[in-house]
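Asker: coords please:
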Amino acid sequence: PWLLERLRQEGLEPHHRVLHLAGIDRPGAEWYAFLDEGNYFRLHDAAALIAIDPIQPFDFVVAESTFSSVPFNTVARCIASGVRKLQPSGCFYATFFENPDSANFEPIVRSDGVITYPDHEPYHYPLPLVTNVCDAVGATVSRVSAPGRVESLFAISRDGDRSA
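Answerer: Below is the predicted model:
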């Protein structure tokens, strides 16, 4: 629910088309209730995001708590695939555990006690690495404040000066 509310603050309206990459434990009832019928599409895994070929691009692509559960090569493929599925003015929101020190390859103990790792689940990634992937596919990434959240929230959008 917090992410839906955040996107509403960012301009999400009922007529927008949303592609939501969420695990089976996230039913999406609040999304169905807010969006016009037929405008909410939910996928259960990262491979589905890579494989889907929408007839009409999406206004928002959302990967909630997914990037912390897949290796970085899958994250990179999801970013590239998600950006290509966006309307030109669309936005891809993703949450994941951030590594504040990209030179540190040790596990990180989060404030809530969760331990994240650079090489197995739950993963953490440095923002410069994610930024490089976005740059490579013609997109930009920016941090979006998510007060009280352990995972970072990022907004990935097409770079208007470059082709995605």
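Asker: so what's the residue nearest the centre of the chain closest to, chain neighbours aside?
Answerer: Using CA atoms, centre = their mean, the residue of the chain that lies closest to the mean C-alpha position is residue 94, 2.0 Å off. Closest residue to residue 94 apart from its sequence neighbours, by CB to CB, 6 or more residues apart in numbering: residue 63 at 4.3 Å. No exception for glycine: its C-beta is placed from N, CA and C like everyone else's.
Asker: can you give me phi and psi for the one you found?
Answerer: Torsion angles at residue 63 (phi, psi; degrees, to the nearest 10) stand at phi -120, psi 100.
Asker: I'd guessed it sits against residue 82; true?
Answerer: Yes: in terms of CB atoms under 8 Å, residue 63 counts as a neighbour of residue 82; the distance is 7.0 Å.
Asker: which neighbours do these two share?
Answerer: Common contact partners of residue 63 and residue 82 (CB atoms under 8 Å, 6 or more residues apart in numbering): 21, 49, 92.
Asker: which other helices and strands does the longest strand along the chain contact?
Answerer: Longest strand of the chain, by residue count under DSSP state E: strand 86-98. Under the contact criterion of 3 or more CB pairs under 8 Å, 6 or more residues apart in numbering; DSSP states H and E, the helices and strands touching strand 86-98 comprise helix 2-9, strand 58-63, helix 72-84, strand 124-125, strand 152-158.
Asker: next SSE after that strand?
Answerer: Counting by DSSP states H and E, the element after strand 86-98 in chain order, helix or strand, is strand 108-109.
Asker: could you give the average pLDDT over that following strand?
Answerer: Confidence for strand 108-109, expressed as mean pLDDT, is 94.
Asker: within its sheet, name the partner strands of that strand and how each one runs.
Answerer: Using DSSP bridges, the strands paired with strand 108-109 in its sheet are strand 115-116 (antiparallel).
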